[in-house]
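Undergrad: pasting the structure only:
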Ligand code: GLA
């Protein structure tokens, strides 16, 4: 039986209305309501029952209810809210079986809403276009479109009222293997945030034995651009335990897309060899983060897109936390991955377990098409046309190492 610790606060509504969606009642009761706090670490049963439950996370000012789904499988428990499709917590064991939450986030809906302009995007689904578009403008089929400028002078992560701030429509279920799934759907009307076409997007989270899989799909009724991702931040030693400088980062990428001072790609695909951006072998994030290298000055640390080697569904990144032995492996079919070392966390936010987040207290890995692709003919295209379906998948696998 899991021990209960302090429940996350919910200032507006409290935690009420817990409903069992599927799975054994006893197991659901065992997992529901256990707070996702960073400490003290708990020991989960060696394996848990695959299951999905939901509870009311909060209510927005306009009365919209925001639900929180808890997806549990053998060695992992994940909480996802319908606001922004946000992954609130990810609880996984360390090499000794001690379980903690390794995802940065907040305890309450109010905290997510209050911090979202433009915000840290903790755990959120990002759309319509992850990352930056130069000066918020692009031309498609001869028509120029203007997007909101929310990261002066550029448009970042889909604009001011972006997908991470919308309430998605949930459908809970199971896949054929019995793993819990949560399908989130959103319709973005023609012209939404300046983007052309009605975009119908879904993101389906599946929690398998030790992994989270996200399958993204989108269709449109007019030519448009699309680049969806998830913006989870991790600290594999536990959310709120300090900086991630000691994590060993490995990226399956020999090249990156250098940026200008506003973090817009210059258009080059430059080799990482001989630079502090070379993570072809595992290197501690903190080792070279303060090197006198112009790209690190522009990013205030790492905030770059790496050009993933190869194509098709493949390993993109592997991150190891030496003290706990936790290992995160990420797989994707996307051409790029943004590694962001939490440079803008500045001590003003307090996370899920009530602790302050300072610079470098978490890292994000965002599978994606390259930033500003619509303005770079040499980058893989992000255009979606009527009749075609945008599809991409990312898998996050949590394991441990003994060394
Ligand atoms: C992305 C960007 C960063 C920053 C974060 C959110 O990773 O590349 O510059 O905006 O999102 O804080």
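TA: Yep, that arrived. Just so it is clear, the structure is predicted and the values come from calculations on it, not from any experiment. Numbering: from 1, shown residues only.
Undergrad: point out where this protein drops to low pLDDT.
TA: 1-44, 403 (pLDDT under 70).
Undergrad: ok, residue 265 touching residue 305?
TA: Yes: using CB atoms under 8 Å, residue 265 is in contact with residue 305, at 7.0 Å. Placement of C-beta: from N, CA and C, glycine included.
Undergrad: okay, and the common contacts of the two?
TA: Counting by CB atoms under 8 Å, 6 or more residues apart in numbering, the common neighbours of residue 265 and residue 305 are 257, 370, 371.
Undergrad: circling back: residue 265 and residue 305: which is more packed in?
TA: A count of neighbours by other CB atoms under 10 Å puts residue 305 above the other of residue 265 and residue 305, at 30 against 24.
Undergrad: tell me the spacing between the more buried one and the ligand.
TA: The gap separating residue 305 from the ligand is 8 Å, by CB to the nearest ligand atom, to the nearest Å.
Undergrad: quickly run through the sheet partners of the helix or strand hosting that residue, with directions.
TA: According to DSSP states H and E, residue 305 maps onto strand 303-307. Next to strand 303-307 in the sheet, as set by DSSP bridges, lie strand 255-257 (antiparallel), strand 336-340 (antiparallel).
Undergrad: and the ones you listed as TSV, adding mean neighbour count?
TA: Compiled in TSV, those are given as follows (neighbours: other CB atoms under 10 Å):
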stretch	mean neighbour count
strand 255-257	23
strand 336-340	24
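Undergrad: separation between residue 363 and the ligand?
TA: 10 Å.
Undergrad: what sits against that residue?
TA: 233-235, 244, 247, 249, 285, 302, 319, 339-342.
Undergrad: also near the ligand: which of the residues you listed, exactly?
TA: residue 340 (CB under 6 Å from any ligand atom).
Undergrad: from the contacts of residue 363, which is closest to the ligand?
TA: The nearest member of those to the ligand, counting by CB to the nearest ligand atom, is residue 340 at 3.6 Å.
Undergrad: list the contacts for the closest residue to the closest one other than its chain neighbours?
TA: Once flanking residues are discounted, residue 340 sits nearest to residue 364: 4.3 Å by CB to CB, 6 or more residues apart in numbering. Residue 364 is in contact with 121, 231, 232, 233, 234, 338, 339, 340, 342, counting by CB under 8 Å, 6+ apart.
Undergrad: related to what we said a few turns ago, what's downstream of the strand holding residue 305, the next helix or strand?
TA: For strand 303-307, the succeeding helix or strand toward the C-terminus, using DSSP H and E, is strand 314-320.
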